[in-house]
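[1] Turn this into a model:
(chains A and B)
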Protein chains: 2
Amino acid sequence: MKDIKALRIVLVGAGNLATQLGAAFVKQGVTIVQVYSKTEANARTLAEKLGCDYTAELSKIQCNADIYIYAVKDAVLSDLVGVIDAPKAWHLHTAGSVSMDVFSGKRERYGVFYPLQTFSKSREVTFDTIPICIEAVNDEGLELLHALGSSISENVYEVNSAQRSKLHLAAVFTCNFTNRMYAIAHDIVRENDLPFDLLLPLIEETARKVQTMLPADAQTGPAIRYDRNVIEKHVEMLADDRLKDLYRLISENIHEAYFIKKQNTNN
Amino acid sequence: MKDIKALRIVLVGAGNLATQLGAAFVKQGVTIVQVYSKTEANARTLAEKLGCDYTAELSKIQCNADIYIYAVKDAVLSDLVGVIDAPKAWHLHTAGSVSMDVFSGKRERYGVFYPLQTFSKSREVTFDTIPICIEAVNDEGLELLHALGSSISENVYEVNSAQRSKLHLAAVFTCNFTNRMYAIAHDIVRENDLPFDLLLPLIEETARKVQTMLPADAQTGPAIRYDRNVIEKHVEMLADDRLKDLYRLISENIHEAYFIKKQNTNN
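    Residues are numbered from 1 along each chain as shown, chains lettered A, B, ... in the order given. Okay, here's the model as predicted:
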């Protein structure tokens, strides 16, 4: 296995993921030599945290690094992958929904390093148990990515581009959409002079339940039996028409899933 | 304060909530004397757990208890509240969306005991931190409900019927709808031969984030900037038309909320 700590890494990007990933690497003694961001202030902030060089100019990205990790918006990625003058280095992107083929024809050594987690700049995360989904153009790359992943997490999985895009879709439901449900609830309680804290044990337990139960078995609430009384009362209470639609749509979806589940159990 | 342990309680209902609530009371030395359920097997199962009497006949419910706790479906509640021949006892319901007035004219002493949590029969919950929302027709009732709530939880709140119905609405979003997001994600990964376990750290962290951050600040993902590329790819991947609608609707809702938040920050 490669000695990961002997390698030099450049972070292309200084957003939420680059920030947390960089911190995790540095904590484990992996060397980040430079941070690039087109926004100089962001590059500088992260570089200061990591104790390394930074630049806001593509032409000044160091050419002698061993690994370039692209942690930028999907839309920017395809424009960047061919730019850096480092033909012998490994080029890795971190995007859930972008195929590894984005590098094809532009790079010789490439792969994907996708940590399946939600990252915010201000909140440090423990990488130990975060699944790192890796993919590489060849076995040498896979070996490198296993070593790189293992340096920060116990859970490194080989996942191909097609699977990763499904995984990303699933992550949008479990994380982004779930968080929006929290936010809608937050608005409801605050508008009624109730503390959001009242909901925190419920949020925790709902997440904890599915660590050991199937989500389908953990489902509770008025939508299961489509309790029209409660549902119509709730829809009425929501001020926003789109929230009304959302409430109805998810409730119908729960009811339908529960109905199918019951039929399957009875057969 | 009343000595709660000297009182005799009858549980009207033997579902998820009655099961967990009964277990919590008995654990703290509070006396359940009887369980009623129209389904005898359910009444017996719970009564055996709690070491008490049971019945499936309304006319055989003990008349000499001090407190009757109704943990039944909302639709059934209004039919039951006037039935038991115990005019001097306290009658409490546990429903988020039913006003305390359901007892009005039928009972003299009544109130609401609403534990804000998701309950499944098979999963024991720790009541210590569960918010218990109480409401009573008079001060004597409030005192009793404070004592009853405090016997199983540190968090007892006085919440009126109007607030409680909003709280229940918020709970549907944070718990029932969130769990449905988990279930949809579960279907997606299983259909693609990926283990659901891959998503567990993400589920945990998403729930943990909002214990200290505002949900609006914790939001991540493609919907924030309405990344059309990813969103359309995801919508295409979903097989079910209603799931496509759901994906679009929540994404638009996230985008809109983020846009409003940004404008407020800039002003």
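
[2] For the stretch 1-150 of chain A, what lies in contact range of chain B?
    By the rule CB under 8 Å from any CB of the partner chain, the part of the stretch 1-150 of chain A lying against chain B is A:16, A:73-75, A:97, A:116-120, A:122-123, A:125, A:129-131, A:133. Where you see a C-beta, it was placed from the backbone N, CA and C, and this is true even at glycine.

[3] which residues in the stretch 51-200 of chain A form helices?
    Using DSSP state H, counting those that start in this stretch, the helices of the stretch 51-200 of chain A run over A:74-80, A:139-150, A:161-171, A:178-191, A:200-212.

[4] Please list only the buried members of the residues of the stretch 1-150 of chain A next to chain B.
    With neighbours counted by 16 or more other CB atoms under 10 Å in any protein chain shown, those contain buried members at A:16, A:74, A:97, A:116-120, A:123, A:125, A:130-131, A:133.

[5] so A:Ile32 is in which element?
    Counting by DSSP states H and E, the element that carries A:Ile32 is strand A:31-36.

[6] That strand pairs with which strands, and in what direction?
    Applying DSSP bridges, strand A:31-36 is found paired with strand A:8-12 (parallel), strand A:53-55 (parallel).

[7] okay if I get those as JSON lines plus mean pLDDT and mean neighbour count?
    JSON lines is the format used below for the strands paired with strand A:31-36 (pLDDT from 0 to 100; neighbours: other CB atoms under 10 Å in any protein chain shown):
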{"stretch": "strand A:8-12", "mean pLDDT": "98", "mean neighbour count": "24"}
{"stretch": "strand A:53-55", "mean pLDDT": "98", "mean neighbour count": "18"}
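
[8] can the ones you listed go into CSV with extra columns for distance to B:Ala147?
    Listed next are the strands paired with strand A:31-36 as CSV, based on distance: least, CB to CB, whole Å:
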stretch, distance to B:Ala147
strand A:8-12, 58
strand A:53-55, 61
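
[9] Out of those strands, which is closest to B:Lys38?
    Closest to B:Lys38 of the strands paired with strand A:31-36 is strand A:8-12 (CB to CB; 63.6 Å).

[10] contacting residues around that closest one?
    Residues from elsewhere that reach strand A:8-12, judged by CB atoms under 8 Å, 6 or more residues apart in numbering or on different chains: A:18, A:21-22, A:25, A:30-36, A:46, A:50, A:61-62, A:64-72, A:80, A:84.

[11] 7 Å - rerun?
    A:18, A:22, A:25, A:30-36, A:61-62, A:65-72, A:80 (CB atoms under 7 Å, 6 or more residues apart in numbering or on different chains).

[12] got the CA positions of it in CSV?
    C-alpha atoms of strand A:8-12 as CSV (Å, rounded to 0.1, in the frame of the first residue of the first chain):
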residue,chain,number,x,y,z
ARG,A,8,1.4,15.9,-2.0
ILE,A,9,-2.2,16.9,-2.5
VAL,A,10,-3.8,20.0,-4.0
LEU,A,11,-7.4,20.9,-3.1
VAL,A,12,-9.2,22.5,-6.1
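
[13] gap between that strand and the chain center?
    What separates the centre of strand A:8-12 from the centre of its chain is 19 Å, taken as CA atoms, centre = their mean, to the nearest Å.

[14] With stretch A:234-251 instead?
    Counting by CA atoms, centre = their mean, stretch A:234-251 is centred 28 Å from the centre of its parent chain.

[15] List the buried residues in it.
    Using 16+ other CB under 10 Å as the test for burial, stretch A:234-251 gives A:His234, A:Val235, A:Met237, A:Leu238, A:Leu243, A:Asp245, A:Leu246, A:Tyr247, A:Arg248, A:Leu249, A:Ile250, A:Ser251.

[16] right, is it up against chain B?
    Yes. Using CB under 7 Å from any CB of the partner chain, we find that stretch A:234-251 touches chain B at A:His234, A:Met237, A:Arg242, A:Asp245, A:Leu246, A:Leu249, A:Ile250.

[17] quick revisit: can you name the two of the buried residues of stretch A:234-251 that are farthest apart?
    Pairwise distances across those peak at 16.6 Å for A:Met237 and A:Leu249 (criterion: CB to CB).

[18] Contacts only, for the spatially most central residue of chain A.
    Chain A has A:Gln117 as the residue nearest its centroid, 4.0 Å off, counting by CA atoms, centre = their mean. Contacts here follow CB under 7 Å, 6+ apart; on that basis A:Gln117 touches A:Val125, A:Ile130, B:Pro201, B:Leu202, B:Glu205.
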